[in-house]
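> Below are the sequence and a predicted model; questions follow.
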Amino acid sequence: MSDYMFVLESHLDASQNRAVEEMKRIATEAGMNVWLAGGSLRDVLRGAAIRDLDFTVERDALKAGKALAAALGGRVVSEDALKRGIELELPGNTAASVSNARTEKYSRPGGKPQIAPATIHEDLLRRDFTINAMALALNRGSRGLLIDPGNGQADLLGKELRATNPYIFFDDPARIFRLIRFEHALGFQLAPRLRSQLENAMIEGYFAGAPATALACEIKALALDASAVPALEAYERMGLLKAISPALAGAKLNSAGLAKFEKLLHTVLPPGTPGGWLAFLSILTEKLSARERAEALKPFDLPKAEADGLKQLEASGKKLESTLKSARVTRPSHVYEALAGISTDVVLMVLYTSAQRVVQDRIRAYYQKYLGQAQEITEEQVVATGVKPGTPKFDKALKTMVAAHLNARPRKVPPPEPEVVPAPPMINGRPGRKPAQSNA
Ligand code: ATP
Ligand code: MG
């Protein structure tokens, strides 16, 4: 049997491991059980990067989530008082959610569910697909125990999507969107039974009853996947995009633009670079009139900071483009300083729109060369110059050292020394034959 705790710890990055450790401590102190569940466990077991940590607890998830954010210096992104779940942003670019083990009872597709506390087994079986319905116990008594009531492990191995129960689409039609997203992102097949469940759901038109905001969440979830365009095209073929907004559907779906965007995202930016969602949205709605765009964006319910960022994207992109092509930019450190601290969305927009070769090349050089070189300057090296971390002097010294490092030309390798051939001995005033080498 696998040692799942070992698999987990060796799979997570340092910030994710810290979050797991802290969650264990909070649960132990509160005397409650805690599991790592859902998509995060699925991705650990299939050896893929984890997008967000999904913790499930008995009792007060909101309190446990707030304690986790406070202990690690993170922040609460949203709270769902009905489902008793909380979304967090933790340091190290770590996203996490904490939710209560529960059952959900629906009286109509996409309606408001009746929630009741439940065991972890019941909780897992109210989820969508078996591969998302596993949990790993983190509490002291049963740490490392895998709970897998739908045999999701077999489906992970067989690369199959299977429903946890017959009512998944009736209960929550947004799961149709999730299904198509997972089918494309994971490259899994639909089990025959799930295919007929999907066909029935489409015939019954369940998705028409789903709130457009829940469906738009799924577009956000797939935006930065390598398989975003095929998944969006599948939504369009199935007539699902119009359930989010008619303005997005039909010929208005900007497949070619999004394909170009996805290629830039996955070839120029290092994997795991945070950001990019607003650039995706801007390109998704590129072909729409201002009125259609406003209409299409409504279901996405953007927080104010994102809505403002989206509005300013074009202007910020133009500014960055003109900085990057300016005659004043002559050295690597100038390119580095122009791009450091600029949001990924703005950079992606410039890559997407700029026809200037020099701009494209400088952005590529930043990600492929300068960013890594700048990270070679360590805090210790800066401290050795006599400045204290956290002070303006430190920042200035760091900037100067990074610039010097980036601008230093690689030392030329000295050319090989010419082989010194001994002059032949002079015989009678003329060069004689090379003396024969002795074999001794
Ligand atoms: P991703 O890798 O995109 O985060 P995910 O499956 O982890 O995918 P989340 O939104 O993070 O998706 O949800 C975490 C878990 O909560 C899921 O794996 C699943 O078990 C459950 N879940 C989320 N949304 C639904 C839903 N609409 N219906 C049923 N279960 C859901
Ligand atoms: Mg997840």
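Looks like it came in fine. What you are looking at is a predicted structure, and each value in this text was computed from that prediction instead of being measured. Residues are numbered from 1 along each chain as shown. Ligands and ions are numbered 1, 2, ... in the order given.
> pLDDT weak spots in the stretch 51-200 of the chain?
For the stretch 51-200 of the chain, no stretch is flagged by pLDDT under 70.
> For it, what lies in contact range of ligand 2?
Within reach of ligand 2 by C-beta under 5 Å from the ion, the stretch 51-200 of the chain has these residues: Asp52. To be clear about C-beta, it is placed using only N, CA and C from the backbone, and glycine gets the same treatment.
> same thing but 6 Å
For the stretch 51-200 of the chain, the residues in contact with ligand 2 (C-beta under 6 Å from the ion) are Arg51, Asp52, Asp54.
> of those, closest to His121?
Asp54 (16.4 Å; C-beta to C-beta).
> Filter the residues of the stretch 51-200 of the chain next to ligand 2 down to the buried ones, ChimeraX style.
Selecting the buried subset of those in ChimeraX, with 16 or more other C-beta atoms under 10 Å as the burial test, is done by:
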select :52,54
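> can you list the residues of the stretch 51-200 of the chain next to ligand 2 in a markdown table and add secondary structure?
Formatted as a markdown table, these follow (DSSP: H, G, I helix; E, B strand; the rest coil):
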| residue | secondary structure |
| --- | --- |
| Arg51 | coil |
| Asp52 | strand |
| Asp54 | strand |
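> can you put the residues of the stretch 51-200 of the chain next to ligand 2 in CSV and add distance to ligand 1?
Shown next, in CSV, are those (distance: C-beta to the nearest ligand atom, whole Å):
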residue, distance to ligand 1
Arg51, 4
Asp52, 5
Asp54, 4
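> how about a markdown table for the residues of the stretch 51-200 of the chain next to ligand 2, with distance to Glu306 added?
Formatted as a markdown table, those follow (distance: C-beta to C-beta, whole Å):
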| residue | distance to Glu306 |
| --- | --- |
| Arg51 | 18 |
| Asp52 | 18 |
| Asp54 | 23 |
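> Just the buried residues of the helix ranked longest in the chain, please?
Secondary structure of the chain per DSSP state H: the longest helix is helix 304-324. For helix 304-324, burial by neighbour count (16+ other C-beta under 10 Å) applies to Gly309, Leu310, Leu313, Ser316, Gly317, Leu320, Glu321, Thr323, Leu324.
> Around ligand 1, which positions in the stretch 151-300 of the chain sit nearby?
The stretch 151-300 of the chain comes close to ligand 1 at residues Asp172, Ala174, Arg175, Arg178, Ala221, as judged by C-beta under 6 Å from any ligand atom.
> which residues touch Lys159?
Each residue near Lys159 by C-beta atoms under 8 Å, 6 or more residues apart in numbering is listed here: Leu186, Gly187, Phe188, Gln189.
> correction: Leu265
Contacts for Leu265 (C-beta under 8 Å, 6+ apart) come out as Leu224, Gly276, Leu348.
> What is the nearest of these to ligand 1?
Checking these against ligand 1 with C-beta to the nearest ligand atom, the nearest one is Leu224 at 10.2 Å.
> Local confidence estimate at the residue nearest to that closest one when sequence neighbours are not counted?
Closest residue in space to Leu224, ignoring its immediate chain neighbours: Gly276 at 5.4 Å, by C-beta to C-beta, 6 or more residues apart in numbering. For Gly276, the pLDDT comes out at 96.
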